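Peer 1: Need coordinates for the following:
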Amino acid sequence: MGDFNDLLSNEDKRSRVEHTPWRIRGFRSAVQDSNLVDLPLIGYPFTWVRGRGGDDVKEERLDRAMATQAWYDTFPNCQLHNLVADRSDHYPILLKLYESNRRKTMRDFKFENSWLQEEALEGVVQAGWEKDGAGGLMERLQNCTNEMNDWGRQLHNKYRVEIEECRRELEFLRDTDQHLQGQRYEEVQKRMSILLAQEEAFWKQRAKIYRLHEGDTNSRFFHATTSVKRKRNKITKLQNNEGEVVQNQLDICGVAKNYFEQLFSMNQNNSGVDIEYIMPSITNLQNDKLIAPFQIREFKEALFAMHSDKAPGPDGLNPAFFKRFWDLCGVELFTAGVEWLERGSLPDQIMHDYKYCPYSEEGEPRINERLVAHIAMQRDLQNNIKATEIIHHMKCKTRGKMGEVALKVDISKAYDRVEWDYMKIIMTKMGFHDKWVNWMSMCMESVHYQVL
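Peer 2: Below is the predicted model:
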């Protein structure tokens, strides 16, 4: 903890001149090689300033606190604050340690991607799927989760122990020249490789880093990222409607519950838009494509297009599970999904959005390209790049008579505020088929929210 006199990224600096890349890479490598975690700074983002009052002001975050993962796990509620200084060009930083006020809760089942490399997984899932007395799809999946939950308990935290055992055996075989014979040494090597891949999958799943590709292996990085993410997501205090700051766990839950109840409550003030001016824009041909019979091929394509590591549904099963066991449960998944859509209602256990693949059996778009052309021109990535370039330009600009300002507006999502009945009226006025309107209503009205 102190003045490191270097930066981890150019976000730690505000100046007309960026930090040299080779120095950033060197400092990052030193931090990673030392198994350290950079503690996030609360308050003003920079800790050092030079040239205050002039045209060439430079601000950097030179002061920081770092800790090992073991220390970070011991003090998960620590906070690093940036204070003010009376005369120094360095702002003092203060590290506060707090006792954890988190209550222990029973963990729900979640499918572990590390299980995919266990040979016994196939038999466990097969036993749950074919269990005597199993009825429909939801009951079969519940049986599978029960079997995996009981089986997975014995695998918990085994990776580090078995990896160390393999490492010690490899060292023994090498030191006694038995590795020259090859067979046993190769067996242990193979086992250790599988365990390392499982450990990586275990921490990568918790780090929720989707931009890395297969082969980007670094379990230590994923472990540190998971710890930082958990700390960033942890809520230690909230402000209620009366302006009071509450820190008790029960009070925090109450504030969150009240907030979301108000957010998702129905707005009695109906929109004053004259819907009679909305002209139909969907043709009969487009409607025929929209309500065409579903095909198992497009159902499978939609599933396999999902990221395997995305958040699981309420049953704890993520897309990786369904991809792996498509041959076992794919047909029944498709049959149940079509049945729910034709019936016009989803089971209570389904709490997540249903996403439909917009392609027909012939491979043609089900919506005319003109209707979605504006979406293609407004990709999120392009908008993010433009916004980043604008903010970077504003941060680097230190001269000129005309200033620039960026305004971050907090706008609730339209989905949170628009009434569902109003949405159905609009879709009907636009000319969508009643069956399609009903399907879209199912997607909206079947969603439930929980504050965990």
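Peer 1: Next, count neighbours for Leu195.
Peer 2: Leu195 has 22 neighbouring residues, counting by other CB atoms under 10 Å. The C-beta positions use only the backbone N, C-alpha and C, and glycine is treated the same way.
Peer 1: State the distance from it to Cys166.
Peer 2: Noted for Leu195: a distance of 7 Å to Cys166, by CB to CB, to the nearest Å.
Peer 1: where along the stretch 51-200 of the chain do the strands fall?
Peer 2: With strands called from DSSP state E, counting those that start in this stretch, the stretch 51-200 of the chain shows them at 58-60, 63-64, 66-68, 79-82, 93-96.
Peer 1: Which of these sits closest to Asn318?
Peer 2: strand 66-68 (30.9 Å; CB to CB).
Peer 1: I'd like to know which elements the closest one is packed against.
Peer 2: Here strand 66-68 touches strand 36-38, going by 3 or more CB pairs under 8 Å, 6 or more residues apart in numbering; DSSP states H and E.
Peer 1: Relative to the whole chain's centre, how far out is the strand it packs on?
Peer 2: Here strand 36-38 shows a centroid-to-chain-centroid distance of 22 Å under the convention CA atoms, centre = their mean, to the nearest Å.
Peer 1: Tell me which other helices or strands the helix or strand following that strand touches.
Peer 2: Moving toward the C-terminus from strand 36-38, the next helix or strand (DSSP states H and E) is strand 41-42. Other helices and strands packing on strand 41-42, by 3+ CB pairs under 8 Å, 6+ apart, are strand 79-82.
Peer 1: gap between the strand it packs on and the chain center?
Peer 2: 26 Å.
Peer 1: can I get the CA coordinates of it in CSV?
Peer 2: Provided in CSV are the C-alpha atoms of strand 79-82 (Å, rounded to 0.1, in the frame of the first residue of the first chain):
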residue,chain,number,x,y,z
GLN,A,79,-12.8,-0.4,1.4
LEU,A,80,-10.0,1.8,0.0
HIS,A,81,-11.0,5.5,0.3
ASN,A,82,-9.4,8.5,-1.5
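Peer 1: who touches that strand?
Peer 2: 39-45, 47, 64-65, 91, 93-96, 98 (CB atoms under 8 Å, 6 or more residues apart in numbering).
Peer 1: Of these, which is the most crowded?
Peer 2: Thr47 (23 neighbours).
Peer 1: Can you give me the distance of Leu83 to Glu339?
Peer 2: Separation of Leu83 from Glu339 (CB to CB): 62 Å.
Peer 1: Would you mind saying which of the strands of the stretch 51-200 of the chain lies nearest Glu200?
Peer 2: strand 66-68 (20.0 Å).
Peer 1: Parallel or antiparallel, list what pairs with that closest one.
Peer 2: Looking at strand 66-68 with DSSP bridges, its partner strands are strand 36-38 (antiparallel).
Peer 1: Would you mind measuring the gap between the ends of stretch 11-28?
Peer 2: Terminal residues of stretch 11-28 are spaced 14 Å apart (CA to CA, to the nearest Å).
Peer 1: what's in contact with it?
Peer 2: Identification of contacts with stretch 11-28 by CB under 8 Å, 6+ apart yields 4, 6-10, 45-46, 56-61, 395-396, 398.
Peer 1: cutoff 6 Å now
Peer 2: Residues outside stretch 11-28 that contact it (CB atoms under 6 Å, 6 or more residues apart in numbering) are Asp6, Leu7, Leu8, Asn10, Lys58, Glu59, Glu60, Arg61, Lys395, Cys396, Thr398.
Peer 1: Over to stretch 32-47?
Peer 2: Taking CB under 6 Å, 6+ apart as the rule, stretch 32-47 contacts 59-63, 65-68, 72, 79-82, 91, 224.
Peer 1: which of the residues you listed count as buried?
Peer 2: Among the contacts of stretch 32-47, those buried by neighbour count (16 or more other CB atoms under 10 Å) are 59-63, 65-67, 72, 79-80, 82, 91, 224.
Peer 1: Tabulate those residues (CSV), appending distance to Tyr259.
Peer 2: Putting the buried ones among the contacts of stretch 32-47 into CSV (distance: CB to CB, whole Å) gives the following:
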residue, distance to Tyr259
Glu59, 35
Glu60, 37
Arg61, 33
Leu62, 38
Asp63, 36
Ala65, 32
Met66, 35
Ala67, 33
Tyr72, 30
Gln79, 23
Leu80, 28
Asn82, 28
Tyr91, 33
Ala224, 31
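Peer 1: Mind picking the one among those residues that's closest to Thr176?
Peer 2: Distances from Thr176 to these, taken by CB to CB, are shortest for Ala224, at 36.2 Å.
Peer 1: Run the chain-centre distance for stretch 119-132.
Peer 2: With CA atoms, centre = their mean as the basis, stretch 119-132 stands 29 Å off its chain's centre.
Peer 1: Tell me which residues of it come out buried.
Peer 2: Under 16+ other CB under 10 Å, the buried positions of stretch 119-132 are Leu121, Val124, Val125, Gly128, Trp129.
Peer 1: Now distance to Tyr159 and pLDDT too, for those residues, in a markdown table please.
Peer 2: Formatted as a markdown table, the buried residues of stretch 119-132 follow (distance: CB to CB, whole Å; pLDDT from 0 to 100):
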| residue | distance to Tyr159 | pLDDT |
| --- | --- | --- |
| Leu121 | 15 | 89 |
| Val124 | 18 | 90 |
| Val125 | 21 | 91 |
| Gly128 | 24 | 89 |
| Trp129 | 27 | 90 |
